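# Dropping a prediction and its sequence here:
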Amino acid sequence: MTLRNRIIAVISAIVFFVLVGTTTATALWSTTASVGASVKAANLAASCGSTAMLNASFEDPVLAGTLGYANDGEMTGWRAKDAAGNPVRIEIWRGYDGVPAGTGDQHVELNADVPGTLFQTLDTVPGQTLQWSLMHRGRSGTDTMQLLIGAENVAGVSQGDFSDDNTAWRRYSGAYVVPAGQTRTTLAFKAVSAAGGASIGNFLDDVSFGSGPCLASANTVANITNPGGIYRPGDTVEYTSVVTNTGSSFSQGTLYEAVVPAGLTYTAGSITINGATRTDALADDTANYVSAGTKVVARLGTGATTTAGGTIAQNTQTVTVKFRAVIPAASAGTTINLTPSVTYANGLASGWALTATSNTVTYPVAIGADLAVTVAATPANVQKATTNTTVTWTVTVTNNGPLSSGANGTVTIAIPNTGVASTAVPTTAAGATCAAISGGQSVCTITAAMAAGATRTFTITRSVAAASAVGATFTLTATAGSSVTDPVAGNNSANSVVSVVDTIVPTTPGTPTATKTATSAVVSWTGSTDANGIAGYDLYRNGVLYQSLGTVTSYNDTGLTAWTTYTYQVRARDLAANVSALSGTLTVIVPIDTTNSYQISDSRCLVASNTSGNGTLTASFTCGASANQRDWTFQPTNGGFTYITTGPNSRSWTVAATGTAITVTPAVGSNSQEWKVIVVGATYQFESRARPGLCVDQNGGTVSLLACNTADASQTFDVIAR
């Protein structure tokens, strides 16, 4: 026997003697849960024993309301009898009268109907040091209760009287050494006095009796990348630890630590406690990751903080911790082990450092070679043509390691049927052979092992038929497999798609021409050509897209404004949405309607003073209905100028070549009777052909010719249709 065990045996005997020979254990263990050194040693010798209370906080049965009763035998673990030994009811509270439970949801009152005793009997081991704990509270005032512990069916030894008022719950705790030969031990709770009467008072909750808290960490691992499958380099794994307290009292300062196995890469932000995500930073919440030691740390239980662990209650309360990591390539062919640790203290005797039982998680990492496949086509796309086009696909298989791929790997190449028959075998360099094409594919065998970093290349040539339509696609797919495990399955297959395209733009349409009327222009152009067909034309007016047309080569643009300049351009679209360059520009000046008569006004109307002979061009102060104001007509001449005439006798505006006076005289075909009509916004100027640079100017009642000035309101006129 070691010196430490001799000391524990001696101390156990002393504790047994003291506790059995006295009526209270509080001499060794006070109500504040402090404990003498002798009790510490005795308890350490029997830590994580099997003795534990049933239904310690009276949660079974669950009440439907706030107050109820359980007959003798109806409450798990507990019995109740009166002084004569007859069964009595147990009174259960669930928030009744606003009184909260000490822990959980329910508590009991000692005497439901008559004074009695509430008790529970447990299997015990003689010589075992057991802790007891309880929570007590008065109901109507200060109530007093007594705890008795002893052999089954024998009056127990009092562990003390506990008196408390009705303002708060108070915890009491102590220790008891099981006497020799005592294999069944009873805890009994008896009311001594109550402020409300013998059967009204003494609330009881959270009773524990046993060898203390007993935590166990049940650890498992799951492959997230390959669920249910083998573990491979590159896979993400998730570790789960379920920490359970199967002891007889609560733990304290519960701390979980797991050193991430060497080489694994911890997944940032993956720690969860009971499903709630925790950050990796220290002091943010109840968990963190220590990068210097590659360690996951979690502070568990009720009351856990950023710096200290909390409590895990007895009666199988559990806390679940999870985190993730990635298996490195260097771990291929090795076995990975993880043994998390959980340390804690006895909640009834803080300072006793205890360690939970924790199983080791172990799994082998498959030996593997990561075969990655790429496929490239030359050309990447085929221009629609009148002859067949040759395309060469190159398949490259690369072993990314970490190990050799081994021999007898395969590369299956699915070859598109592009309308040109061929049975040629794909070509390859040394280290692989390819079978003849069958069923649209060729199976190639890697005949020599590929070391990490090595490649194998396969070349396949086909022709895209000239008859293939624009937009048709042809896909070659290659898939590689190794005779050893491939740790990264996502890159084992690749393809390359070749499309038939048309990138050649149509020819440029011819410069448009136009046939004009007073309000429209029929714009026409010479059509474009394209090897694959014209889809239509875009007509631009004044530099802006105006109409998208079909395959027509003319457009009637109606609703035009007289004396207004318009420009037109055209571009072609082919069936592949290629567009040609813009055509040359057509400029159209829409003439005024020569069949109509007009008034010419700038708030006063121009008037012919004589409509039958020679006269003057004067101004009146008010535009009226007389013919000499309203019957101005515009007759274009061959030179792009206009005769402006009035009345049935066709009197024209005339200006002497050497003067500036404007008269109305019969039309004789002289350029002194021709005028250029100039658009100025929504108004017009009239410039003399005989006197270039001089325009009609109306100043009061005088009409004369002055230097053209578009800013001069007396030179701009409205042309008002009659």
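It's in.
# In which helix or strand does the residue in the chain sticking out farthest from the centre reside?
For the chain, the largest distance from the centre (C-alpha atoms, centre = their mean) belongs to Gly613, which lies 90.9 Å off. Remark: Gly613 resides in no helix or strand, with elements defined by DSSP states H and E.
# With Trp393 instead?
strand 389-402.
# Name every strand pairing with that strand and say which way it goes.
Taking DSSP bridges as the criterion, strand 389-402 pairs within the sheet with strand 369-378 (antiparallel), strand 455-464 (antiparallel).
# Tabulate those in JSON lines, adding columns for mean neighbour count and distance to Ser528.
(C-beta placed from N, C-alpha, C; glycine too.) JSON lines is the format used below for the strands paired with strand 389-402 (neighbours: other C-beta atoms under 10 Å; distance: least, C-beta to C-beta, whole Å):
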{"stretch": "strand 369-378", "mean neighbour count": "20", "distance to Ser528": "32"}
{"stretch": "strand 455-464", "mean neighbour count": "19", "distance to Ser528": "26"}
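# and of those strands, who's closest to Ser609?
strand 455-464 (84.3 Å; C-beta to C-beta).
# any idea of the mean pLDDT in the closest one?
The average pLDDT for strand 455-464 rounds to 90.
# So what's the gap between that strand and the chain middle?
The gap between where strand 455-464 is centred and where its chain is centred comes out at 40 Å by C-alpha atoms, centre = their mean, to the nearest Å.
# before we move on, what about stretch 208-224?
On C-alpha atoms, centre = their mean, the centre of stretch 208-224 falls 35 Å from that of its chain.
# Show the end-to-end separation of it, please.
41 Å (C-alpha to C-alpha, to the nearest Å).
# how about that stretch: buried residues?
Going by neighbour count (16 or more other C-beta atoms under 10 Å), the buried part of stretch 208-224 is 208-217, 219, 221, 223.
# Out of these, name the ones that lie in strands.
Those of the buried residues of stretch 208-224 mapping onto strands are 208-210, 215-217, 219, 221, 223, per DSSP state E.
# Switch those over to JSON lines; also include distance to Pro126.
Listed next are those as JSON lines, based on distance: C-beta to C-beta, whole Å:
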{"residue": "Ser208", "distance to Pro126": "20"}
{"residue": "Phe209", "distance to Pro126": "16"}
{"residue": "Gly210", "distance to Pro126": "15"}
{"residue": "Leu215", "distance to Pro126": "26"}
{"residue": "Ala216", "distance to Pro126": "26"}
{"residue": "Ser217", "distance to Pro126": "31"}
{"residue": "Asn219", "distance to Pro126": "35"}
{"residue": "Val221", "distance to Pro126": "42"}
{"residue": "Asn223", "distance to Pro126": "49"}
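# Spell out which two among those residues are the most distant pair, please.
Phe209 and Asn223 (43.7 Å).
# Tell me the confidence at Ile224?
95.
# How about the one 10 residues further on?
At Gly234 the predicted local confidence, pLDDT, stands at 83.
# State the helix or strand in which it lies.
Assigned by DSSP H and E, Gly234 belongs to no helix or strand.
# again with Thr515
Per DSSP H and E: strand 513-516 holds Thr515.
# next one: Gly659
Counting by DSSP H and E, Gly659 is found in no helix or strand.
# gap between it and Lys676?
Using C-beta to C-beta, to the nearest Å, Gly659 is found at 19 Å from Lys676.
# Between the two, which has more neighbouring residues?
Lys676 (16 against 13; other C-beta atoms under 10 Å).
# Please list all residues in contact with the residue nearest to Ala435 when sequence neighbours are not counted.
The shortest distance from Ala435 to any non-neighbouring residue, by C-beta to C-beta, 6 or more residues apart in numbering, is to Val443 (5.1 Å). By C-beta atoms under 8 Å, 6 or more residues apart in numbering, the contact set of Val443 is 410-413, 434-435.
# Cheers, nothing more for now.
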